[in-house]
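**Q** just the structure for this:
(chains A, B, C, D, E and F)
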Protein chains: 6
Amino acid sequence: AISMRLVPPTTNAMGMYTLRQLHLSRAKLKASSRTSALLSGFAMVAMVEVQLTHHCRDKEPQQAHLCSNVPNVLLIAFSVCTTLLVAVHLLALMISTCVLPHIEAVANMAHVDSMTNLNGATADISESPHLTMHRYIEAAWSFSTVLGILLFLVEIGLLSWVKFLDYSRSAAVGSTILLVPTVLLFTLFALHFYWKLVAHKVESADKNLQEIEAQLRV
Amino acid sequence: AISMRLVPPTTNAMGMYTLRQLHLSRAKLKASSRTSALLSGFAMVAMVEVQLTHHCRDKEPQQAHLCSNVPNVLLIAFSVCTTLLVAVHLLALMISTCVLPHIEAVANMAHVDSMTNLNGATADISESPHLTMHRYIEAAWSFSTVLGILLFLVEIGLLSWVKFLDYSRSAAVGSTILLVPTVLLFTLFALHFYWKLVAHKVESADKNLQEIEAQLRV
Amino acid sequence: AISMRLVPPTTNAMGMYTLRQLHLSRAKLKASSRTSALLSGFAMVAMVEVQLTHHCRDKEPQQAHLCSNVPNVLLIAFSVCTTLLVAVHLLALMISTCVLPHIEAVANMAHVDSMTNLNGATADISESPHLTMHRYIEAAWSFSTVLGILLFLVEIGLLSWVKFLDYSRSAAVGSTILLVPTVLLFTLFALHFYWKLVAHKVESADKNLQEIEAQLRV
Amino acid sequence: AISMRLVPPTTNAMGMYTLRQLHLSRAKLKASSRTSALLSGFAMVAMVEVQLTHHCRDKEPQQAHLCSNVPNVLLIAFSVCTTLLVAVHLLALMISTCVLPHIEAVANMAHVDSMTNLNGATADISESPHLTMHRYIEAAWSFSTVLGILLFLVEIGLLSWVKFLDYSRSAAVGSTILLVPTVLLFTLFALHFYWKLVAHKVESADKNLQEIEAQLRV
Amino acid sequence: AISMRLVPPTTNAMGMYTLRQLHLSRAKLKASSRTSALLSGFAMVAMVEVQLTHHCRDKEPQQAHLCSNVPNVLLIAFSVCTTLLVAVHLLALMISTCVLPHIEAVANMAHVDSMTNLNGATADISESPHLTMHRYIEAAWSFSTVLGILLFLVEIGLLSWVKFLDYSRSAAVGSTILLVPTVLLFTLFALHFYWKLVAHKVESADKNLQEIEAQLRV
Amino acid sequence: AISMRLVPPTTNAMGMYTLRQLHLSRAKLKASSRTSALLSGFAMVAMVEVQLTHHCRDKEPQQAHLCSNVPNVLLIAFSVCTTLLVAVHLLALMISTCVLPHIEAVANMAHVDSMTNLNGATADISESPHLTMHRYIEAAWSFSTVLGILLFLVEIGLLSWVKFLDYSRSAAVGSTILLVPTVLLFTLFALHFYWKLVAHKVESADKNLQEIEAQLRV
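**A** Numbers count the residues shown, from 1 in each chain, chains lettered A, B, ... in the order given. Coordinates of the predicted model:
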């Protein structure tokens, strides 16, 4: 009877796979919540602290330092990009705040289970919300990392135009020239990583299936 | 006698369900407290740091850069929205500060219990305040995540009007056009999530009841 | 002899009650210390960063944007409220810094005890400072949560008057109209929570007494 | 032989007392390091961000808003108080950074010992630097909490004079009137707490001595 | 059978080596993510908060304090360096956010395994993404520490030119003179550390191979 | 055979000594990394946010509030000191980011070892990089605590000169008078602490040697 207790029910391959997905979801939500807070925080500070000046209407040289030549289109792009950036990260934050507590609760229970070696452990995990909420968790993670970071790069580019246009057009141009390959590089990395992940998931699910089969045969 | 010690009293389904609710409440309060601190912190900084200028009374072109055309209604909306936002998050923070210590104390005791395998464990948890305080905990969580985040989106919209109106009306309009579908999307997500949660809770309570029945039969 | 070791001395009801009070005190002090740091931090930043301008003495329209109509009474109220707010939270912080280390040390020792199952454990906890320092801990908690948060709401109201009075009197009025019911709501919640807590404590102490009696009878 | 392993050498009263002092020192240093970082951080920001203006030399009414009536003595007091505050907290921080790693290392080793039940545990702890560094640890704690917090209250008072003197003398006076009883209250609390602590330490050492005697007799 | 459980499958040298690489990758990603957030945060604040003024066109002495002599080339360098710095750290942050959750999940599973002594542990770790993602992890680490810190030093140098050029050319020169040997020192340290690491890795892999051989022979 | 497993190989004095050095190095690097981030963060903010004004060339009294009398030498000293301060802390941060992950990985492995009681534990620790990297770890710690904190005190002194010189020369003098004994006190403390540490290390190594000898004799 004692040996039965020492080998917990989580040792079958199915339970391990579920528990692993649980830890993965929790780690993803935590990481995306941290990144979202950091990036949206900066976007908001940038919007509050950027100094705007009136558009130059009359070409008076003595007031040249009191007006700005930033075109209207640039301000619209800056305003829309900031709002989109904050909204994307806020959505990720909201999903994290809603889903994370449920996952934390299940993970803590699984920890207690692995301590007390309870029979009902596998049942407990399989009813976890990280399976029914799967689409939201993936959405939070994608929004926060991929779209959020790409938008942030665009925000940096727009900000450097708003900041430098009146003083040095070449500085804004230089910054943009640098950003175009960077955005391409980021997109390529994201696609490559996504492709690797899918390949890894297929392979891992395959191996898992074989293990379950092997267990059932024995 | 030793085997009795190794199987702690928390292993019956009733104790597990109570313990799970405890961990869920704690995780919710922690998450909502973190989000509240972040969002109210930004709202306060925005109110202190935003630069206001006097309303333009006389249409003198040479002082156009020293006065503002922001209408009175906008300032009222901004002031009321900021106050409401800070108050909502402060209420969530106060509830968290009051209720969280009691839950932490119970959770720590449950951890010690699961180590020392004490008989009185189940009794200890069922007298926990997370049951009598249930309404406050739910209120803190809802206020912080749902109302707090929606108000924050409105705040971003109002702020972009206060900031951009004098320089580019189209920038403020563009930001607002983006926010209207976002607020709708957030409300839809919140309702959908709430509906899923209620469905999950009913199902989970049902399964739990069956387990208790099964245990009582044996 | 081995079974004696496996059942630690903390398992009698008296030891459990003492240990629970210890964890509650620690959680309260930690929560109030975090809240105090956040709120006093904002109050200090608000005092340093708020822009004051000279009182308008001569009604010259061309210098209207360089002087302020904020009355003297408002500045006094703002200055006194900020100082009181910082002092209240600093007092809570000081008590936390003084008392928390002693409680942490006892809690860590109790953790080691529960690992090593030492005989002297109960004696060790009962000599803990959280009993002799009880009044200070309660004071820190009340000051930080109740008085501190109420003062903070008043501070927000005063700040919105100082910020908006020169530009839009209605904005300041609107913010105040919102704050009056909020302060009432907070006070009601605090009283209700205090009443519930006292009721819970009486009931819990009663049950505890009965357990001790039951143990002594056996 | 197995029972010898299960009863670790830390169970004699001498080892427990040493281990407790170790945990107390660590908790004190951590708490004082957190408080020091917070308070010195604010003092530095206040010094960098405060806006100074030239002393009014000629009583020209049209430049009244460009000069200040803050007396020289006040600026000296503000500058000296800020420097002293930063130096006090920096000293506490330096002591913490030097001493804490040694205590952490010993505490971690003690944790490993309590896991592996090693014979040499007591010897290992008694050679810990928290005994030879006792005076520095106490100095860091006192400086950070008592002197640091009192100086901070004085800093708040001086800052409100520098900020409000030109706009409303009564606001500065009101803030000072509030601070005088607060400083007295803080000093009284610190003395009362110190007295209680000494009394507790004498009593605890006495009880400890009796336990050691009792053990030696057996 | 019990002794088989007590000796987990991770005890063979191959499993230990894999587990060690896992912990190393996790620690590297965590450290580089912390450093990236800190340094990119400052670079962004510096770009938002730096005050630019128009280039002096007409040599009018009375407006000398309203225009700047900072050359166009310096502004371009500053803008490009800031963008590059933010992009490098953002790339490191993105890789961390993508890869870290997978490693955390595997590490948590390995922890559970070492608790429950499961047979499939080694298999579980060897399918970990830290092996297939090896190149990305190394890239994140190198980008964040080496290139990121060197770029930051250059940023400090450019910032001191932008800040001090109009007021004291010698201050900017002095800062640059100090930075040149520092950058050289940093590059030397990085190369030396890299060399040591490669040497250590070769030696460690060699020793590991011998252990595996020794195990196979027995 | 079971008793052999219960006494892990780390129990010999040599393994304990190595493990202790490992924990000490980790604690030192963590503490110095925290301090470095705090102090360099402030130094950078101070450099970005300090307001500079043009040197007064013509002694016109009506523009006295638009120019500054800060001498060129002071600006050079301020610029050089800030750069040096940031470089010193950045070097400490870089060493921490490079070395800490290796130490964390070894410490985590040692923790797993102490759980699983593996034979190869001592060998694993002795090949740890904290021995070959010893000089870098010591350099990081010394740079961060001693040189970094002394430079920071000098920075505070220079900053108070830059800030107060135009408004009150006595305030800057007062601050300097206070700093001279403080710097001396800090240097004395650092030397005294270093002396104590060396004495403690010699004594501890001596005792350790005797233990190893005693073990070899038995």
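**Q** ok, now how distant is the spatially most central residue of chain A from E:P101?
**A** Against the mean C-alpha coordinate of chain A, by C-alpha atoms, centre = their mean, the closest residue is A:S144 at 2.5 Å. Using C-beta to C-beta, to the nearest Å, A:S144 is found at 11 Å from E:P101. Just so you know, the C-beta spots here come from the backbone N, C-alpha and C atoms, and that holds for glycine as well.
**Q** over to A:W195?
**A** 18 Å.
**Q** go on, A:A107?
**A** Here A:A107 is placed at a distance of 14 Å from E:P101 (C-beta to C-beta).
**Q** if we can go back for a sec, who's more crowded, A:W195 and E:P101?
**A** The neighbour comparison of A:W195 against E:P101 (other C-beta atoms under 10 Å in any protein chain shown) goes to E:P101, with 23 against 10.
**Q** can you pull the contacts of the residue of chain A found nearest chain F?
**A** As assessed by C-beta to the nearest C-beta, chain F sits closest to A:E49 within chain A, at 11.8 Å. Contacts of A:E49 were listed using C-beta atoms under 8 Å, 6 or more residues apart in numbering or on different chains, and they are B:49, E:48-49.
**Q** closest residue of chain A to chain D?
**A** Nearest to chain D in chain A, going by C-beta to the nearest C-beta, is A:E49, at a distance of 13.7 Å.
**Q** tell me the pLDDT at that residue?
**A** Looking at A:E49, its pLDDT is 77.
**Q** correct me if wrong: the residue nearest to the centre of chain A contacts A:M94.
**A** No. Between A:S144 and A:M94 there is no contact under C-beta atoms under 8 Å: 11.3 Å.
**Q** which one's the longest helix in chain A?
**A** Assignment by DSSP state H gives helix A:169-217 as the longest helix of chain A.
**Q** neighbours of the nearest residue to A:T53 once chain neighbours are set aside, how many?
**A** Distances taken as C-beta to C-beta, 6 or more residues apart in numbering or on different chains put A:S68 closest to A:T53, at 4.2 Å, once the chain neighbours are dropped. When neighbours are defined as other C-beta under 10 Å, A:S68 has 18 of them.
**Q** check A:P181 too.
**A** The number of residues packed near A:P181 is 10, by other C-beta under 10 Å.
**Q** which of the contacts of A:E49 fall within helices?
**A** Residues of the contacts of A:E49 located in helices (DSSP H): B:49, E:48-49.
**Q** about what we covered before: what about the residue nearest to A:T53, distance to E:T83?
**A** The gap separating A:S68 from E:T83 is 21 Å, by C-beta to C-beta.
**Q** with A:L85 instead?
**A** Going from A:L85 to E:T83 by C-beta to C-beta gives 17 Å.
**Q** now do A:F42
**A** For A:F42, the distance to E:T83 - C-beta to C-beta - is 14 Å.
**Q** tell me which of the two has more neighbours.
**A** Comparing A:F42 with E:T83 by other C-beta under 10 Å, the one with more neighbours is E:T83, at 25 against 20.
**Q** so for that one, what's the nearest residue that isn't a sequence neighbour?
**A** Spatial nearest neighbour of E:T83, chain neighbours left out: A:S175 (4.5 Å); criterion: C-beta to C-beta, 6+ apart.
**Q** what's near enough to touch that neighbour?
**A** A:S175 is in contact with A:156-157, A:160-161, A:164, E:79-80, E:82-83, counting by C-beta under 8 Å, 6+ apart.
**Q** looking at those, which are in helices?
**A** Per DSSP H, the subset of the contacts of A:S175 in helices is A:156-157, A:160-161, A:164, E:79-80, E:82-83.
**Q** pLDDT check: weakest of those residues?
**A** Least confident by pLDDT among the ones in helices among the contacts of A:S175: that is A:F164, with 85.
**Q** and that one, how many residues sit next to it?
**A** 22.
**Q** try A:S204
**A** Neighbour tally, A:S204, other C-beta under 10 Å: 14.
**Q** A:K201 too?
**A** By other C-beta under 10 Å, neighbour count at A:K201 equals 10.
**Q** next one: it from A:I137, what distance?
**A** On the measure of C-beta to C-beta, A:K201 and A:I137 end up 15 Å apart.
**Q** kindly report the same for A:S160.
**A** 34 Å.
**Q** and what of A:A87?
**A** Taking C-beta to C-beta as the measure, A:A87 and A:I137 are separated by 19 Å.
**Q** same check, this time on A:Q51
**A** For A:Q51, the distance to A:I137 - C-beta to C-beta - is 40 Å.
**Q** between these two, which has more neighbouring residues?
**A** Taking neighbours as other C-beta under 10 Å, A:Q51 and A:I137 compare with A:I137 leading, 24 against 12.
**Q** give me the residues contacting stretch A:26-42.
**A** Contacts of stretch A:26-42 (C-beta under 8 Å, 6+ apart): A:85-86, A:89-90, A:92-93, A:95-97, A:99-100, A:103-104, A:107, A:130, A:137, A:140-141, A:143-145, A:148-149, A:152, B:38, B:42, E:37, E:41, E:44, E:93, E:96-97, E:100-102, E:104-105, E:108.
**Q** at 6 Å instead, please
**A** A:86, A:89, A:92-93, A:96, A:100, A:103, A:107, A:140-141, A:144, A:148, A:152, B:38, E:37, E:44, E:97, E:100-101, E:104-105 (C-beta atoms under 6 Å, 6 or more residues apart in numbering or on different chains).
**Q** filter these down to just the ones in strands.
**A** Assigned to strands by DSSP state E, none of the contacts of stretch A:26-42 qualify.
**Q** which ones among those lie within helices?
**A** A:86, A:89, A:92-93, A:96, A:100, A:103, A:107, A:140-141, A:148, A:152, B:38, E:37, E:44, E:97, E:100-101, E:104-105.
**Q** for PyMOL, what selects the buried ones among those residues?
**A** Per 16 or more other C-beta atoms under 10 Å in any protein chain shown, the buried members of the ones in helices among the contacts of stretch A:26-42 correspond to this PyMOL selection:
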select buried, (chain A and resi 86+89+92+93+96+100+103+107+140+141+148+152) or (chain B and resi 38) or (chain E and resi 37+44+97+100+101+104+105)
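**Q** ok, which residues in chain A are in contact with chain B?
**A** Residues of chain A lying close to chain B (C-beta under 6 Å from any C-beta of the partner chain) are A:37, A:44, A:48, A:52, A:54, A:66, A:72, A:75-76, A:79-80, A:83, A:86-87, A:94, A:97-98, A:100-101, A:104-105, A:108-109, A:112, A:115-116, A:118.
**Q** so where's chain A uncertain?
**A** A:1-17, A:55-66, A:110-133, A:218 (pLDDT under 70).
**Q** how about the residues of it near chain E?
**A** Checking chain A against chain E by C-beta under 6 Å from any C-beta, the hits are A:8, A:11, A:20, A:23-24, A:27-28, A:31, A:35, A:38, A:42, A:46, A:49, A:65, A:114, A:145, A:149, A:156, A:160, A:164, A:167-168, A:170-171, A:174-175, A:178, A:182, A:193.
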